[in-house]
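# starting from these lines, generate the structure:
(chains A, B, C and D)
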Number of protein chains: 2
Amino acid sequence: MARISKKNSILEAATYLFSAKGFSNTSMTEVATLAEISGAAIFYHFKTKEDLFVSVLESVQSGILTEFSKYVAKEDFHSGLDMLLGAVAFHLHLSETKKEWFVLLDRYSTHELAADNRMSRQYLQDIYNCLVDIFEKALIVGQQDGSIRELSSKRTALIIFAMVDGIRHLENINLYHAGSLYSDLVALCRNFLENN
Amino acid sequence: MARISKKNSILEAATYLFSAKGFSNTSMTEVATLAEISGAAIFYHFKTKEDLFVSVLESVQSGILTEFSKYVAKEDFHSGLDMLLGAVAFHLHLSETKKEWFVLLDRYSTHELAADNRMSRQYLQDIYNCLVDIFEKALIVGQQDGSIRELSSKRTALIIFAMVDGIRHLENINLYHAGSLYSDLVALCRNFLENN
DNA sequence: TGCGATACTGACTGATTAGTCAGTTAGTTT
DNA sequence: AAACTAACTGACTAATCAGTCAGTATCGCA
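Below you'll find the model as predicted:
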């Protein structure tokens, strides 16, 4: 079998469609068409539509986790504050290059599914913990090296995550030109965190 | 006709269901059952399902606009900074008491519909402009009375809106206890805006 | 009383959907 | 070459859905 498994092209098609149109607005037939496979073939690889969705979520989880660990491994910072601002910028950057992932996470149906599907819930938890942890770690480093003032690292990490997330949403609703706010956001973070 | 029009109970049922389950996961039959009316009766009052949704959005728009104008009319502030922090708190408060409204606004389908429905787009624009304007006005007042330092009121208003919105989302994903972050958020705003 | 309009109902339809299944093809092993 | 298996297909089904329609009940009003 020279070509990479059809299973993968189903996953890719499903990721794109679930992200672009949502779970219930995407039919298995559409996924099959995009993956260039018969409708029935999907049910050979994935038991149900929900099963397919969980697999998509799994691949998003693995994608986000590896992207962030690659980023952390590569970059080298002068201070905790720089590390945090860099993480904010990288988060915003990744959410543009891998928009499908983040749009999928923003969809309510994703969280509704996670409410009664253990594995989905776990994947979501992994993702959010990864996204928040990177801020928290930077905050702790920054407080140790003196670049960031004293404050609860856990709560502050959540607040910063909420801010970044909020900016992303603002961009998605397409009423305001939120892209131009990235620099303001970074400035706000610096201003708020810096050890005067 | 002693009882208030059935049209209203359809709207109420639809608001609840569209918010709780999403547009495509809510069937007209469900709406009818909850409104205690026959399935066909909905189509007497509303031409299509999309038409019903637009009416729901209209009622949410009118609800949010009146709630905020009532708030603005009632409260009286010492300074622009107090006005802004009050608006943040009120926004968070309203999003708890009228959760259906805000959940509906968070749903992707709402924005997808607005993308090719002029009236929906207008209602959404009204809502977001209302929510952002209240921050912008407070920022301008605060800069005039000296309680808030110099910064772009438009961009800062958007950032603050994004923050508040982000906190709301964080609460909805139900992984973190975001309610406890309200005070941290207000503190951050004060710290960032205050004219040292 | 009777007319017309408003507000509804039950029974239906055509389209779409997730999922099934019996069978076929292609590759691997013996 | 025969046997076995993994990957896949086309044709189907049962359920659900938005929307239609012909008819009915209830009302104000002439």
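# count the neighbours of the closest residue to A:Leu113 other than its chain neighbours for me.
Of all residues not flanking A:Leu113 in the chain, A:Ser120 sits nearest, at 5.2 Å (C-beta to C-beta, 6 or more residues apart in numbering or on different chains). Every C-beta, even on glycine, is put in place using the N, C-alpha and C of the backbone. As a burial measure, A:Ser120 scores 22 neighbours (other C-beta atoms under 10 Å in any protein chain shown).
# and the helix or strand hosting A:Ser120, how far from the chain's centre?
Applying DSSP states H and E as the criterion places A:Ser120 in helix A:118-145. Taking C-alpha atoms, centre = their mean, to the nearest Å, the mean C-alpha location of helix A:118-145 is offset from the chain mean by 12 Å.
# which helix or strand lies directly C-terminal to it?
That would be, after helix A:118-145 and using DSSP H and E, helix A:153-173.
# that older thread, measure the residue nearest to A:Leu113 to B:Asp76 for me?
A:Ser120 sits 48 Å away from B:Asp76 when distances are taken as C-beta to C-beta, to the nearest Å.
# do the same with A:Tyr176
From A:Tyr176 to B:Asp76 the distance is 30 Å (C-beta to C-beta).
# the two: which has the busier surroundings?
Taking other C-beta under 10 Å, A:Tyr176 and B:Asp76 do not tie; A:Tyr176 has more neighbours (19 against 8).
# got the contact list for the closest residue to DNA strand D within chain A?
For chain A, the residue positioned closest to DNA strand D under C-beta to the nearest atom of the strand is A:Ala40, at a distance of 2.7 Å. If you count contacts by C-beta atoms under 8 Å, 6 or more residues apart in numbering or on different chains, A:Ala40 has none.
# and what of A:Thr29?
A:Gly39.
# which of the three states applies to it?
When classified by DSSP: H, G, I helix; E, B strand; the rest coil, A:Thr29 comes out as helix.
# who in chain A is up against DNA strand D?
Contact residues, chain A versus DNA strand D (C-beta under 7 Å from any atom of the strand): A:1, A:5-7, A:37-41, A:44-45.
# quick check on these: which are buried?
A:6-7, A:37, A:41, A:45 (16 or more other C-beta atoms under 10 Å in any protein chain shown).
# with pLDDT as added columns, please give those in JSON lines.
Output for those, formatted as JSON lines (pLDDT from 0 to 100):
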{"residue": "A:Lys6", "pLDDT": "89"}
{"residue": "A:Lys7", "pLDDT": "94"}
{"residue": "A:Ile37", "pLDDT": "96"}
{"residue": "A:Ala41", "pLDDT": "96"}
{"residue": "A:His45", "pLDDT": "97"}
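# looking at those residues, which are in helices?
Of those, the ones assigned to helices by DSSP state H are A:6-7, A:41, A:45.
# could you find which two of those residues are furthest from each other?
A:Lys7 and A:Ala41 (9.5 Å; C-beta to C-beta).
# give me the below-cutoff pLDDT ranges for chain A.
For chain A, applying pLDDT under 70 flags the ranges A:1-4.
# quick one: the residue nearest to A:Asn174 when sequence neighbours are not counted and A:Phe18, what's the gap?
Using C-beta to C-beta, 6+ apart and skipping the chain neighbours, the partner closest in space to A:Asn174 is B:His111 (7.3 Å). Using C-beta to C-beta, we find B:His111 at a distance of 16 Å from A:Phe18.
# those two - which one has more neighbours?
Taking neighbours as other C-beta under 10 Å, B:His111 and A:Phe18 compare with A:Phe18 leading, 26 against 18.
# quick one: list the elements packing against the strand or helix carrying that one.
Assigning secondary structure by DSSP H and E places A:Phe18 in helix A:6-21. The contact analysis (3 or more C-beta pairs under 8 Å, 6 or more residues apart in numbering or on different chains; DSSP states H and E) places helix A:6-21 against helix A:28-34, helix A:39-45, helix A:49-74, helix A:99-106.
# what's the following helix or strand after the third one?
By that I understand helix A:49-74. helix A:80-97.
# pull the residues that contact that next one.
If you take C-beta under 8 Å, 6+ apart as the criterion, helix A:80-97 is touched by A:64, A:67-68, A:71, A:75, A:77, A:101-102, A:131, A:134-135, A:137-145, A:147-148, A:160, A:164, A:167-168, A:182, A:185-186, A:189-190, A:193-194.
# ChimeraX command for the buried members of the residues you listed?
For the buried members of the contacts of helix A:80-97, the matching ChimeraX selection, counting by 16+ other C-beta under 10 Å, is:
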select /A:64,67,68,71,77,101,102,131,134,135,137,138,139,140,141,142,143,145,147,148,160,164,167,168,182,185,186,189,193
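# so which of the contacts of helix A:80-97 are also by chain B?
Filtering these for proximity to chain B by C-beta under 8 Å from any C-beta of the partner chain leaves A:164, A:167, A:185.
# quick one: residues contacting the first one.
The one in question is A:Val164. Here A:Val164 is in contact with A:88, A:91-92, A:185, B:166 (criterion: C-beta under 8 Å, 6+ apart).
# most neighbours out of these, which is it?
The contacts of A:Val164, ranked by neighbours (other C-beta under 10 Å): first place B:Gly166, 26 neighbours.
# who are the contact partners of the closest residue in space to A:Ile64 that isn't next to it in sequence?
What sits nearest to A:Ile64 in space, not counting adjacent residues and going by C-beta to C-beta, 6+ apart, is A:Ile127, at 5.4 Å. For A:Ile127, the contacting residues are A:60-61, A:64-65, A:105, by C-beta under 8 Å, 6+ apart.
# re earlier: of the residues of chain A next to DNA strand D, closest to B:Ser153?
Distances from B:Ser153 to these, taken by C-beta to C-beta, are shortest for A:Lys7, at 52.6 Å.
# fine, thanks again, bye for now.
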